[in-house]
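>>> have a look; sequence and predicted model below, questions after that.
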Amino acid sequence: MQIKKQFIDGKWVYAEKNKSREIINPFNNEVTAKVTESDKADAKKAILAARNAFDHGEWATSAIERGIIVRKIAELIERDKEELAKLETLDTGKTLEESRWDMEDIAGVFAYYADIADKDGGEIIESPIPNSISKVVYEPVGVCVQITPWNYPLLQATWKLAPALVAGNTLVMKPSEITPLTTIKVFELMEEAGVPKGVVNLVLGSGNTVGAELSENPDVDLVSFTGGIKTGKKIMQAASHTVKKVALELGGKNPNIVFADADFDIAVDQALNAVFFHAGQICSAGTRLIVEEAIHDDFVDALVKRVKNIKLGSGFEEDTEMGPLISKEHLQKVINYVDIGIEEGATVAIGGKQPDAEELKNGFFYMPTILTNCMTAMTVVQNEGFGPVITIEKFTTEDEAIALANDSIYGLSGGVWTKDLAKAERCVAKMRMGTVWVNDFNIYFPHAPWGGYKQSGFGRELGKTGLEEYQEQKHVFVNLQPETINWFGTKEK
Ligand code: NDP
């Protein structure tokens, strides 16, 4: 099996130490690819290439040129979207249909940023000084490090790559060590689109070695990270030594409030969609279902009836609705997480174990699970499990629902289901989250910002704010008629 290479300074190269890593298909535990295993030395080389390209290259000089190249990347993704979708399913285990949706979104994000690349040349400010010009111009931040997780490998990479490129930065990306395949392919497409040498660099090692070097290296100006809260804290610390800019997209434990006056069937259907795509491995999954007492029992019954029919299997089979978890280690985490919930008093309404089916035995499968009798203080309600598990809490008043929803260290996203839009707006105003959906869940598009409150992180991706993350603002003041002030040393001693 040919070993896939890293991309540094415009060349595809093996890692210095000549080691490699096997990439595993989570559906059957088989090796699908081998990639070169980068180390600190490779990370340093990649940073140097990005530094040289930024300090001595032309990438920062023309927003119009950058827009043209980023549009070309969008077109190439559109051309190769089926191949990319298949690679993503191979790497993550998610259904091919979900991977196809991802690829549409990914091409859309590159196209969105290509569209706005040259639309904002800065701002003239009214100057209080006569005969002067005051203006604000936007400049790239410099060398950006981008570290991405395994759950939406290429989607998360794209939310970082497209705005960073359009803003004129150079970059080094490190995908999760377990899901690098689509990111490698997109670097090939960026090369084909004509991104100049050294502007984009890719290293493929582990977080503890390569990731750590990238976060602390003094030649890096910004670290943008998507991943778990523990890693986010380490990165913040490492970046603090040289006061790098940091953007953190961390986890979530997202409440989904259902009032008794909601459309029952739609709320049931969407409560399932809110969690079970990609086997619940979604940062914004609505895993904390908070249901008004009057409909609680019927709601649980309706959910259980639907969950019974969820078809687990290979992401490549057309009738599969849910694939495996990403790895053996992650499966064990989810098993432990549910066990703790049961010890704490939760009741398993359905699921709560691995499936028995022989054909799923080699994969990392866990059954879609619903836990009732959940209380806010339980670990299973507070911690991000990142698996196909819904916990259900009850409420009786609007204030109680809001208090439950906000009782979390996280603040990534949440949902409210009701036909009373005034009530919905009251809830939205009090919910401490970066995104709140009313009568929907998990909707994203390139034009709207994405990011968290509280310990879900800071900074925003997507939208115009996503571009601003990668820009510095420079105030330029030009005095057209300079005069002497004669303050210093004009009085003879
Ligand atoms: P991790 O935090 O384990 O890893 C994320 C990335 O960080 C990986 O590339 C990892 O490398 C790297 N990394 C690990 N240790 C370090 C380190 N010391 N220094 C620098 N980089 C390091 O997250 P997961 O991959 O497990 O992803 C799941 C998490 O991501 C969940 O918490 C989820 O909520 C969050 N997430 C948040 C999103 C958001 O928009 N807010 C979106 C998607 C996911 P390696 O793989 O080699 O360990």
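Great, that's in hand. Numbers count the residues shown, from 1 in each chain.
>>> T92 and S176, how far apart?
Distance of T92 to S176, computed by C-beta to C-beta, to the nearest Å: 10 Å. Where C-beta positions appear, they are placed from N, C-alpha and C, glycine not excepted.
>>> hey, what's in contact with both of these two?
When contacts are counted by C-beta atoms under 8 Å, 6 or more residues apart in numbering, T92 and S176 have W150, P153 as shared neighbours.
>>> between the two, who's got more neighbours?
Legend: neighbour count by other C-beta atoms under 10 Å for T92 and S176, higher for T92 (32 against 24).
>>> skipping its backbone neighbours, what lies nearest that one in space?
The shortest distance from T92 to any non-neighbouring residue, by C-beta to C-beta, 6 or more residues apart in numbering, is to T179 (5.8 Å).
>>> may I have the phi/psi pair for the one you found?
T179 has phi and psi values of phi -140, psi 60 when expressed as degrees, to the nearest 10.
>>> close enough to count as contact, it and Q281?
No. Counting by C-beta atoms under 8 Å, T179 stays clear of Q281, with 10.9 Å between them.
>>> show the pLDDT at T61.
In the prediction, the pLDDT value recorded for T61 is 89.
>>> Three-state assignment for it, please.
Of the three states, T61 takes coil according to DSSP: H, G, I helix; E, B strand; the rest coil.
>>> so who does it touch?
By C-beta under 8 Å, 6+ apart, the contact list for T61 reads G168.
>>> where's it relative to the ligand, distance?
Separation of T61 from the ligand (C-beta to the nearest ligand atom, to the nearest Å): 31 Å.
>>> ok, and the closest non-adjacent residue to V438?
Of all residues not flanking V438 in the chain, A424 sits nearest, at 4.6 Å (C-beta to C-beta, 6+ apart).
>>> is it true that the one you found touches I402?
No. A424 lies out of contact with I402 (C-beta under 8 Å); the separation is 11.5 Å.
>>> higher neighbour count, these two?
Taking A424 and I402 together and counting by other C-beta under 10 Å, I402 has the greater number of neighbours (23 against 20).
>>> which residues touch the more buried one?
By C-beta under 8 Å, 6+ apart, the contact set of I402 is I257, C427, K430, M431.
>>> please state the backbone phi and psi of P196?
Per-residue torsions, P196: phi -60, psi 160 (degrees, to the nearest 10).
>>> for it, give its distance to V436.
To V436, P196 is 41 Å away according to C-beta to C-beta.
>>> got a pLDDT number for the residue nearest the centre of the chain?
Nearest to the mean C-alpha position of the chain, by C-alpha atoms, centre = their mean, lies Q156 at 4.2 Å. Note on Q156: pLDDT of 98.
>>> which ones are touching it?
T148, P149, T226, E249.
>>> what parts of the protein come near the ligand?
Residues of the chain found near the ligand (C-beta under 6 Å from any ligand atom) are 147-152, 156, 174, 176-178, 206-208, 211-212, 215, 226-228, 231, 234-235, 249-252, 283, 384, 386, 412, 452, 457.
>>> re the thing from before, what's the residue nearest to T92 in contact with, if anything?
Neighbours of T179 in contact, by C-beta under 8 Å, 6+ apart: I23, D91, T92, W150, P153, I326.
>>> per-residue pLDDT of it, please?
What the model reports for T179 is a pLDDT of 98.
>>> ditto for the one 4 residues further on
Looking at T183, its pLDDT stands at 98.
>>> assumed it was part of a strand.
No. The assignment for T183 is helix, going by three-state DSSP, so no strand is present there.
>>> ok, S20 touching A33?
No. Between S20 and A33 there is no contact under C-beta under 8 Å: 9.8 Å.
>>> quick one: which of these two has more around it?
The residue with more neighbours, out of S20 and A33, is A33; 20 against 17, by other C-beta under 10 Å.
>>> pretty sure the more buried one sits against K4.
Yes. Using C-beta under 8 Å, A33 makes contact with K4 at a distance of 6.2 Å.
>>> can you list residues touching both of these two?
Contact criterion C-beta under 8 Å, 6+ apart; residues bridging A33 and K4 by contacting each: L181.
>>> show me what contacts the residue nearest to V438?
When contacts are counted by C-beta under 8 Å, 6+ apart, A424 touches V416, T418, V438, N439.
>>> what does L76 give?
With contact taken as C-beta under 8 Å, 6+ apart, L76 is in contact with L189, E192, A193.
>>> using PDB, write out every CA atom in the host helix or strand of it.
Secondary structure assigned from DSSP states H and E places L76 in helix 63-79. Taking C-alpha atoms only, helix 63-79 is exported to PDB below (Å, rounded to 0.1, in the frame of the first residue of the first chain):
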ATOM      1  CA  ALA A  63      -7.500  40.100  -3.000                       C
ATOM      2  CA  ILE A  64      -8.900  39.800  -6.500                       C
ATOM      3  CA  GLU A  65      -6.300  37.100  -7.400                       C
ATOM      4  CA  ARG A  66      -7.000  35.200  -4.200                       C
ATOM      5  CA  GLY A  67     -10.700  35.300  -4.900                       C
ATOM      6  CA  ILE A  68     -10.100  33.700  -8.400                       C
ATOM      7  CA  ILE A  69      -8.000  30.900  -6.900                       C
ATOM      8  CA  VAL A  70     -10.400  30.200  -4.100                       C
ATOM      9  CA  ARG A  71     -13.200  30.000  -6.600                       C
ATOM     10  CA  LYS A  72     -11.200  27.500  -8.600                       C
ATOM     11  CA  ILE A  73     -10.800  25.400  -5.500                       C
ATOM     12  CA  ALA A  74     -14.700  25.400  -5.100                       C
ATOM     13  CA  GLU A  75     -15.000  24.300  -8.700                       C
ATOM     14  CA  LEU A  76     -12.500  21.400  -8.300                       C
ATOM     15  CA  ILE A  77     -14.300  20.200  -5.100                       C
ATOM     16  CA  GLU A  78     -17.600  20.300  -7.100                       C
ATOM     17  CA  ARG A  79     -15.900  18.300  -9.900                       C
END
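>>> the contacts of Q156, buried ones only, as a PyMOL selection?
Listed next is the PyMOL selection for buried residues among the contacts of Q156, using 16 or more other C-beta atoms under 10 Å:
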select buried, resi 148+149+226+249
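>>> out of the contacts of Q156, which is nearest to F264?
Comparing the contacts of Q156 against F264 with C-beta to C-beta places E249 closest, at 33.6 Å.
>>> show the backbone phi and psi for that closest one.
Per-residue torsions, E249: phi -110, psi 100 (degrees, to the nearest 10).
>>> and T32, by the same measure?
T32 has phi and psi values of phi -110, psi -20 when expressed as degrees, to the nearest 10.
>>> which other helices and strands contact the helix ranked longest in the chain?
For the chain, the helix that runs over the most residues, judged by DSSP state H, is helix 96-116. Using 3 or more C-beta pairs under 8 Å, 6 or more residues apart in numbering; DSSP states H and E as the contact test, the elements touching helix 96-116 are helix 63-79, helix 81-92, helix 153-166, helix 463-468.
>>> and those helices, which is most packed in?
helix 153-166 (a mean of 27; mean count of other C-beta atoms under 10 Å).
>>> now the element after that one, going C-ward?
In N-to-C order, the element after helix 153-166 by DSSP H and E is strand 170-174.
>>> and that following strand, what does it pack onto?
Using 3+ C-beta pairs under 8 Å, 6+ apart, the elements in contact with strand 170-174 are helix 40-56, strand 143-147, helix 153-166, strand 200-202.
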